[in-house]
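> the following comprises the amino acid sequence and a computationally predicted model.
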Amino acid sequence: MNYDLTSFEKGLEQLSITLSGEQKQQFLTYYEYLVEKNKVMNLTAITEYEEVITKHFLDSLAVVKTSCFKPEKLAGKRLIDIGTGAGFPGIPLKIAFPELEILLLDSLNKRINFLNEVTEMLGLTKINTVHGRAEDYAKQKGYRESFDFCVSRAVANLSTLSEYCIPFVKQGGCFISYKSGSVDQELIQAEKAVKILGGQREEVVRFSLADTDMDRSFVVIRKAKPTPKKYPRKAGLPSKEPLGVVILS
């Protein structure tokens, strides 16, 4: 099938990302397989071609807008994608920046099976998957404080996400949270949690997705010091009782 790449190429140009013909084909193959598998399992509510290009592919790649994610300095860098789901943002980042070493983590095994099929189909190397919970893997040697970047498009408040993600980041590395809409309230609520976990808020990058009225934000947290050993807390607690957030009844 022939696809119109106009909007994709325009979006890539706006992000100053150049892809080869092979890389563009990898994105198209990924799209086709995503839509095909979505018929039998719940991977995404977004399946229309132009929407996937904008809301999944270009949104994933927009992390280049942050000051810590520099495409020219990615060789040898390790990135973990927490709650990756159908592979966003991890797989688009791997296709665009093959020099990145990427780990995709998700708690649902059938999604992991899908991701393994996709990465094999696309011929991607130095990308692995892990089936499990962030709370468990963040305690393990080889994962804890081992990554230059931790990214997540997961839907959770920033305090909860920080507890899941910051422990994976090595000192000097970055946790980058993909957020939609206004994040001002979340930033205030998460301030204490970020500090407790050894992070320091570096920047908030606000933008709109190309040709949409969707407001997006990247919250960039730099790892300033090691995360205390007791974090993350046991499974479920970071969601139920967000660190540093006072729940008013």
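That came in fine, so what should we check first? Numbering: from 1, shown residues only.

> buried residues, the lowest-mean-pLDDT helix or strand in the chain. List them.
Lowest on mean pLDDT, DSSP states H and E among the helices and strands of the chain sits helix 237-240, with a mean of 89. Under the neighbour-count criterion of 16 or more other CB atoms under 10 Å, helix 237-240 has P238 buried. C-beta here means a position set from N, CA and C on the backbone, and glycine is covered the same way.

> same question, stretch 232-249
Of all the residues in stretch 232-249, those buried under the rule 16+ other CB under 10 Å are P232, P238, P242, L243, G244, V245.

> from G83, how far off is the closest residue to the second one other than its chain neighbours?
So the one you mean is P238. Leaving aside its sequence neighbours, P238 sits nearest to E163 (CB to CB, 6 or more residues apart in numbering; 4.2 Å). Using CB to CB, to the nearest Å, E163 is found at 13 Å from G83.

> what do you get for Y3?
28 Å.

> what about this structure, any weak spots by pLDDT?
Within the chain, the segments meeting pLDDT under 70 span 245-249.

> next helix or strand past the longest helix anywhere in it?
Longest helix in the chain, counting residues (DSSP state H): helix 21-38. As assigned by DSSP states H and E, the chain's next helix or strand after helix 21-38 is helix 49-52.

> neighbours around E186, how many?
Neighbours of E186 under the rule other CB atoms under 10 Å: 19.

> wouldn't it be in contact with T160 here?
No - using CB atoms under 8 Å, E186 makes no contact with T160, being 10.1 Å away.

> in its sheet, what does the longest strand belonging to the chain sit against?
In the chain, with assignment by DSSP state E, the single longest strand is strand 169-180. Each strand that pairs with strand 169-180, with its direction, by DSSP bridges: strand 147-152 (parallel), strand 215-223 (antiparallel).

> chain center to that strand, what's the gap?
Mean-position distance between strand 169-180 and its chain equals 9 Å (CA atoms, centre = their mean, to the nearest Å).

> so what touches it?
For strand 169-180, the surrounding residues in contact (CB atoms under 8 Å, 6 or more residues apart in numbering) are 59, 63, 66, 68-69, 89, 145-153, 158, 161-162, 165-166, 168, 186, 198-199, 202, 214-226.

> cutoff 7 Å now
Contact partners of strand 169-180, identified using CB atoms under 7 Å, 6 or more residues apart in numbering, comprise 63, 66, 68-69, 89, 145-153, 158, 161-162, 165-166, 199, 214-223, 225-226.

> for the least confident helix or strand of the chain, packing partners?
Judged by 3 or more CB pairs under 7 Å, 6 or more residues apart in numbering; DSSP states H and E, helix 237-240 is in contact with helix 158-165.

> okay, the angle between the helix it packs on and strand 147-152?
Here helix 158-165 runs at an angle of 140 degrees relative to strand 147-152 (axes from the mean of the first three to the mean of the last three CA atoms, to 10 degrees).

> measure how far helix 158-165 is from the centre of its chain, please.
Distance, centroid of helix 158-165 to centroid of chain: 13 Å (CA atoms, centre = their mean).

> can you name every helix or strand that it contacts?
strand 147-152, strand 169-180, helix 184-196, helix 237-240.

> pick the most buried one from these.
Across those, the average number of neighbours (mean count of other CB atoms under 10 Å) peaks for strand 147-152, which reaches a mean of 26.

> show residues contacting stretch 102-114.
By CB under 7 Å, 6+ apart, the residues outside stretch 102-114 that reach it are 37, 41, 43, 79-87, 90, 93-94, 115, 127-134, 137.
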